[in-house]
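Colleague: Could you work out the structure for the sequence below:
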Amino acid sequence: MDEIPAGLNLGGYCMMRMENSVLFFHRMKLRNNTRFRINSLHTDVRQMQILAQLSLNDLHLFGSYERAVTDQDPSVLYYAPTFGQVEILLRNVEYKMEGRLRLLENSLFIVMVNSEITFYDALLLYKNNATQSAHPIPLTKKHIGRFLTYEFVDRMKSDLDEWLRDYFNEHLILFPSPRSADLAKYRAYEKAKTSTLNKYVDEALIFLKQKLRQINATSVKLPSFTIFSQKGMEIKLKNGVLRGLDSMYRRSVATGKKDDSNIRFVDAIVGFSSLKLIYEYNAYLTTGMPPLSGLLIMSADELTTHMALGLVKDPETVDLQFDSIQQRKPESLTIEGPANRMIANFKHILEYHIISIMTNTLTHNIRALKSLTKCYPDLFGHVDADEPLTEEPSWETGKGKGSDPLQRNPDYVVAKEDSIEVELPPNAQGQQKRLHFAHVQSLNITKLNKKK
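Modeller: Sure thing, here's the model as predicted:
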């Protein structure tokens, strides 16, 4: 038996959608020293991994929350000063860990953790300052199960993985070093294996970046939001764009294994060098001034995520997952425009609502990268007005650039992606035509005016 110390940060900025409201959580910590028991521990030197099963009787978390009311449109939030303390109790928690080992300085260390958390029941208690009630409002697992599975538990698992990795490494360092004769053979093997896995992950990332450019999703569209405050202030976030998804790079040494079912697993930590979320804002204040307009820019240059690949050779199948998303340093939010001189009017909404919305939107799109292996990825690409499409649309026959009318030297060509109406000049017989085209179509005047 051992303990996880109280005060450990578990989870970050999270949102929980409830009936007619949204809860924003922040400053979540472990409330008490939490005792855990290691039910099983197995070291597989052949696969270079440690398999462990732990029981944590209860995980008792506490922190702060803010609440915003929603209407039929979930993108419209009504903020009133509703806040307080929140507690989350997870009962009978089971933690399964798979730690990938590497030999560093003659000692084995866990460098990568894959884990799974399950719990029997959950209870959420929060006090609503608006009702002045001394009794907290309880919510059971059936009300918050989806939120805990897809949002908070994933963030909590990332922090717990990091703590338990250090916990096991402190014990592994006490193990005696292997014999020098065995070390030389193993180092040669590990060097070749690591080089092959690193090369494979690098090539996989190149493929993913090419796929993003192919579907014009290096920048993706973000949903719009409107926030109303109790004092009549209104903030609109619109035309949101996430840029830099193609800036991913391998940030750690790749690890891998092959199980008995001939499925090969490859894992690596992936970073992003230039992620930016950009929203246009319109702020309507109550001072009688005209609306303030500008940009909200959040930089997340130190964001990392765990990329997990599951591979089957026959039939050729790839399963791609992105999880354990972490921000290595705090996000940087820049306000461009006149609102940066009046930030005191909406600083609270900015810190606890807008940043939470932007952070969770970023996390959602990072997870959506797993769909790049599908025929129709779950990413809504954004192309700037002055930015050409990566792949030219098909012309007439739809067989690519070889049928492009621009290559036939016509007198005049119109190529549009929206609806257009064109009036042709008279032909030799004095006949004049008016044509209407919609979507991606082309018009070659030389061809249309030829005699049949």
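Colleague: CA only for contacts and neighbour counts going forward, please
Modeller: Noted.
Colleague: Following element in sequence after the helix ranked longest in the chain, please.
Modeller: Determined from DSSP state H, the single longest helix within the chain is helix 180-214. On the C-terminal side of helix 180-214, the closest following helix or strand by DSSP states H and E is strand 219-222.
Colleague: Export that following strand to CSV, keeping only CA atoms.
Modeller: Taking C-alpha atoms only, strand 219-222 is exported to CSV below (Å, rounded to 0.1, in the frame of the first residue of the first chain):
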residue,chain,number,x,y,z
SER,A,219,-6.5,25.3,-40.7
VAL,A,220,-9.9,24.3,-39.4
LYS,A,221,-13.1,26.2,-38.7
LEU,A,222,-14.3,26.7,-35.2
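Colleague: hmm, back to that, relative to the whole chain's centre, how far out is the longest helix of the chain?
Modeller: How far helix 180-214 lies from its chain's middle: 24 Å, per CA atoms, centre = their mean, to the nearest Å.
Colleague: list the buried ones in it?
Modeller: Buried residues in helix 180-214, defined by neighbour count with 16 or more other CA atoms under 10 Å: 194, 197-198, 201, 205, 208-209, 211-213.
Colleague: what do you get for stretch 44-55?
Modeller: 48-55.
Colleague: Stretch 254-271 now?
Modeller: 254-257, 263-271.
Colleague: Can you lay out those residues as JSON lines showing secondary structure, distance to residue 290 and pLDDT?
Modeller: Output for these, formatted as JSON lines (DSSP: H, G, I helix; E, B strand; the rest coil; distance: CA to CA, whole Å; pLDDT from 0 to 100):
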{"residue": "254", "secondary structure": "coil", "distance to residue 290": "54", "pLDDT": "93"}
{"residue": "255", "secondary structure": "strand", "distance to residue 290": "56", "pLDDT": "91"}
{"residue": "256", "secondary structure": "strand", "distance to residue 290": "58", "pLDDT": "89"}
{"residue": "257", "secondary structure": "strand", "distance to residue 290": "61", "pLDDT": "86"}
{"residue": "263", "secondary structure": "coil", "distance to residue 290": "61", "pLDDT": "86"}
{"residue": "264", "secondary structure": "strand", "distance to residue 290": "60", "pLDDT": "88"}
{"residue": "265", "secondary structure": "strand", "distance to residue 290": "57", "pLDDT": "90"}
{"residue": "266", "secondary structure": "strand", "distance to residue 290": "55", "pLDDT": "92"}
{"residue": "267", "secondary structure": "strand", "distance to residue 290": "52", "pLDDT": "92"}
{"residue": "268", "secondary structure": "strand", "distance to residue 290": "50", "pLDDT": "93"}
{"residue": "269", "secondary structure": "strand", "distance to residue 290": "47", "pLDDT": "93"}
{"residue": "270", "secondary structure": "strand", "distance to residue 290": "44", "pLDDT": "94"}
{"residue": "271", "secondary structure": "strand", "distance to residue 290": "41", "pLDDT": "92"}
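Colleague: Surely residue 294 and residue 334 touch.
Modeller: No: using CA atoms under 8 Å, residue 294 is not in contact with residue 334; the gap is 10.5 Å.
Colleague: Those two - which one has more neighbours?
Modeller: Neighbour count, other CA atoms under 10 Å: between residue 294 and residue 334, residue 294 has more, with 16 against 13.
Colleague: what is that one paired to in the beta sheet?
Modeller: Beta bridges link residue 294 to residue 281 when assigned by DSSP bridges.
Colleague: gap between it and residue 282?
Modeller: Going from residue 294 to residue 282 by CA to CA, to the nearest Å gives 7 Å.
Colleague: For those two, list the residues in contact with both.
Modeller: With contacts defined as CA atoms under 8 Å, 6 or more residues apart in numbering, no residue is shared by residue 294 and residue 282.
Colleague: pLDDT on the longest helix of the chain, on average?
Modeller: Taken as a whole, helix 180-214 has an average pLDDT of 87.
Colleague: Please apply the same query to stretch 283-302.
Modeller: 81.
Colleague: neighbouring contacts of that stretch?
Modeller: Taking CA under 8 Å, 6+ apart as the rule, stretch 283-302 contacts 231-236, 271-282, 327-339, 345, 358.
Colleague: residues near residue 237, how many?
Modeller: 21.
Colleague: Repeat that for residue 40.
Modeller: For residue 40, using other CA under 10 Å, the count is 11.
Colleague: tell me which element it is part of?
Modeller: Going by DSSP H and E, residue 40 is in strand 34-44.
Colleague: Parallel or antiparallel, list what pairs with that strand.
Modeller: By DSSP bridges, strand 34-44 pairs with strand 2-4 (antiparallel), strand 49-70 (antiparallel).
Colleague: looking at the ones you listed, which is buried most?
Modeller: strand 49-70 (a mean of 20; mean count of other CA atoms under 10 Å).
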